[in-house]
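A.B. asks: Sequence and predicted structure below; questions after.
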Amino acid sequence: MELKVLSPILNHLDLRENLEIAELSQKIQSMGQDTKPLNKIILDLQGTLRENYADPYYEKSPFYFFLIACASSLAGHSDAINYAERAESQFKNQGKTINQSLSNWLLGYFLWEDGQNERAHERIDKALHGLSSLMKVRSVNGLYADCDSCEEILNTIKIFRTEIDYPFNHLHIHNQREPVEQNNLQPLSVGLEGYIILPQLPTYAFVQAGSDGPIWIEPSLENECSEMKQLNIKNRRYTIFSVNRGDRRITLDPNRQYGWAEVEGNSMNNAQPTHIDAGNLVLFYQSNEAPENAIVIVSCPANSGAGFSYMVKRWSRAKQEFISDSSESGHPPRPCDKECRIIGIVSAVAKSS
């Protein structure tokens, strides 16, 4: 888990002046992903929970489960989801709506990291619903200051949901660690460009000038698809190329989530039929599975140990590994596992014109 996501969740906890929990929360955040002290906190909290297990009214237990979940995630343990679920359940039993919503937010993040997107969205929706309901109650009772605090959390969770719904808006694809001095591959020849199909735009037979016409006209049943070979992104013109062998057409599916991502490095500069160089943009859609030899976006833990980095690779389904198609050495295959996995499939490459 990234600390930048964890900190807002912990800082919004309704502690009711519980200084011990507040100190533990700050302590966990200060440790980053230092496993040894995090494991000590987890063991200490687990011991306290065992000592008070027989007391069903022990008010601190959901906080302890919540903190164990956070520490476990930072330390890379696999049981963070289980502890977050127990925290959510106990906050619910205590009627602590804000903390229950924060637990659902936490669960949503854990599940999203684990690739369980549908369950992640369910938890995020529960968090938003709980806070919205609480805001209505507080507004009726004239507790406007409390409404403002709820709204702040609500807006933060909405931003988070937008980011997991459209993660590609923020991706920067890193394909290597060191800069490349030169690339000996020649550009693709004219005529190999791809084109994006926009089937959702209606085509009208004609438009008649005049003020007495109808206010709307129905499109022709024999619609023509719109085609684009070039596009402008951030004031730069790009030419589009398909990454699929023998197919230059890129048809956008309205049921998929698409995004552009800029590529760094040349670990895919020998990809066929379209090489992918540093500075290119790749168009891809969200998916956790891909067919053999597909060009994919891969999410892996960052080399710094904090957060994730994203790479573009070719998927070998048979070998369960991600392969670099490069003219350079030093790009070994990466195995597909729980930490390094597919998050998208590339449809096209855009090269600066």
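C.D. replies: That came through fine.

A.B. asks: Flag every buried residue along the top helix by length along the chain.
C.D. replies: Of all the elements of type helix in the chain, the one with the most residues (DSSP state H) is helix 117-140. For helix 117-140, the neighbour count (16 or more other Cβ atoms under 10 Å) marks 117, 119-121, 123-124, 126-128, 130-131, 134-135, 138 as buried. All C-beta atoms are positioned from the backbone trio N, CA, C, and that covers glycine.

A.B. asks: How much space separates residue 318 from residue 16?
C.D. replies: Distance of residue 318 to residue 16, computed by Cβ to Cβ, to the nearest Å: 56 Å.

A.B. asks: One more: residue 160?
C.D. replies: Counting by Cβ to Cβ, the gap between residue 160 and residue 16 amounts to 25 Å.

A.B. asks: out of the two, which sits in the more crowded spot?
C.D. replies: Using other Cβ atoms under 10 Å as the criterion, residue 160 and residue 16 rank with residue 160 on top: 19 against 9.

A.B. asks: Assess the claim that the more buried one and residue 124 are in contact.
C.D. replies: Yes - in this structure, residue 160 sits in contact with residue 124. The criterion is Cβ atoms under 8 Å, and the distance is 7.3 Å.

A.B. asks: Check the contact lists of the two and give me the overlap.
C.D. replies: Here residue 160 and residue 124 have 105, 108 as joint contacts, going by Cβ atoms under 8 Å, 6 or more residues apart in numbering.

A.B. asks: remind me which residues of the chain are low pLDDT?
C.D. replies: Low-confidence regions of the chain, defined here as pLDDT under 70, cover residues 1-5, 17, 53-57, 162-192, 197-226, 245-247, 302-308.

A.B. asks: those strands in it, which residues are they?
C.D. replies: Counting by DSSP state E, the chain has strands at residues 172-174, 195-198, 226-228, 230-233, 236-242, 249-251, 258-264, 281-286, 295-301, 308-316, 321-323, 334-335, 341-352.

A.B. asks: any chance of these in a markdown table, with mean neighbour count and distance to residue 90 too?
C.D. replies: Putting the strands of the chain into a markdown table (neighbours: other Cβ atoms under 10 Å; distance: least, Cβ to Cβ, whole Å) gives the following:
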| stretch | mean neighbour count | distance to residue 90 |
| --- | --- | --- |
| strand 172-174 | 17 | 40 |
| strand 195-198 | 16 | 51 |
| strand 226-228 | 12 | 54 |
| strand 230-233 | 12 | 48 |
| strand 236-242 | 18 | 52 |
| strand 249-251 | 15 | 49 |
| strand 258-264 | 19 | 38 |
| strand 281-286 | 22 | 34 |
| strand 295-301 | 20 | 31 |
| strand 308-316 | 21 | 30 |
| strand 321-323 | 19 | 41 |
| strand 334-335 | 13 | 38 |
| strand 341-352 | 21 | 32 |
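
A.B. asks: closest one to residue 96 among the ones you listed?
C.D. replies: Using Cβ to Cβ as the measure, strand 308-316 is the one of the strands of the chain that comes nearest residue 96, at 31.4 Å.

A.B. asks: what's the angle from the closest one to strand 258-264?
C.D. replies: Put simply, strand 308-316 runs at 100 degrees to strand 258-264, going by axes from the mean of the first three to the mean of the last three Cα atoms, to 10 degrees.

A.B. asks: Domain ranges for this protein, per the record?
C.D. replies: The chain breaks down by automatic domain parsing into domains covering 3-165, 172-188+230-352.

A.B. asks: Arrange the ones you listed in JSON lines, one row each, with distance to residue 196 as further columns.
C.D. replies: JSON lines is the format used below for the domains of the chain (distance: least, Cβ to Cβ, whole Å):
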{"stretch": "domain 3-165", "distance to residue 196": "22"}
{"stretch": "domain 172-188+230-352", "distance to residue 196": "5"}
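
A.B. asks: out of the ones you listed, nearest to residue 194?
C.D. replies: With Cβ to Cβ as the measure, domain 172-188+230-352 is the member of those nearest residue 194 (3.6 Å).

A.B. asks: Could you check how far residue 142 is from residue 134?
C.D. replies: When distance is defined by Cβ to Cβ, residue 142 is 14 Å away from residue 134.

A.B. asks: What are the boundaries of the helices in this protein?
C.D. replies: Using DSSP H, the helices assigned to the chain run over residues 3-11, 19-31, 35-51, 61-75, 80-93, 97-113, 117-140, 144-165.
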